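A.B. asks: here is a sequence with its predicted model. Questions after.
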Amino acid sequence: MSELKIDENGTPYLEIPWVLKRNGARVQVIVSGMEIEDFKNEPLAQAIIKGHQYARMLETGKFDAVLQLAQALKCDRSAVARTLALVNLCPEVVKAVFDGTAPESLTLRKVMYGFPDNWEEQKRALIE
């Protein structure tokens, strides 16, 4: 299903096959090989995906600042900043979210207001 890889710069990344499924106004993340009923942490998964999308928009220069991005998204700057922070989750935590093996205590609410910077501390605090 998901696979931890290393890019040409030595940066680890998680490759997760997924698609978005629209159902009226609702959009669901469907992870390849998982039934939606098995996918307990969809809000957190969607937020992680959004965080990476937002980061890419800033990295490519599409937007110069978080405030500019927030204005374009018609969102509060602090909400965009909290979503952007999710790109700092360690690969093992992200993998657990997308594999459906994360504990039920790991929720979007739990991580949106902060988590440890150190990846080992993140694993202990969030998935162990």
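C.D. replies: That came through fine. What you see is a predicted model; the values in this text were computed from it and never measured.
A.B. asks: can you name the next helix or strand after the lowest-mean-pLDDT helix or strand in the chain?
C.D. replies: The weakest-scoring helix or strand in the chain, judged by mean pLDDT, DSSP states H and E, is strand 26-31 (a mean of 66). Remark: after strand 26-31, the chain's next helix or strand is helix 42-59, criterion DSSP states H and E.
A.B. asks: what helices and strands are in contact with that next one?
C.D. replies: Counting contacts by 3 or more C-beta pairs under 8 Å, 6 or more residues apart in numbering; DSSP states H and E, helix 42-59 packs against strand 26-31, helix 66-73, helix 77-85, helix 91-99, helix 108-112. In short, each C-beta sits where N, CA and C put it, glycine included.
A.B. asks: what's the most buried one of these?
C.D. replies: Highest mean neighbour count among the helices and strands packed on helix 42-59 (mean count of other C-beta atoms under 10 Å): helix 91-99, with a mean of 21.
A.B. asks: now the residue nearest the centre of the chain. Nearest residue, chain neighbours left out?
C.D. replies: By C-alpha atoms, centre = their mean, the chain has its centre lying nearest to Ile48, at 1.1 Å. Closest residue to Ile48 apart from its sequence neighbours, by C-beta to C-beta, 6 or more residues apart in numbering: Leu86 at 5.0 Å.
A.B. asks: the one you found contacts Tyr113, correct?
C.D. replies: No. If you go by C-beta atoms under 8 Å, Leu86 and Tyr113 don't touch, sitting 11.7 Å apart.
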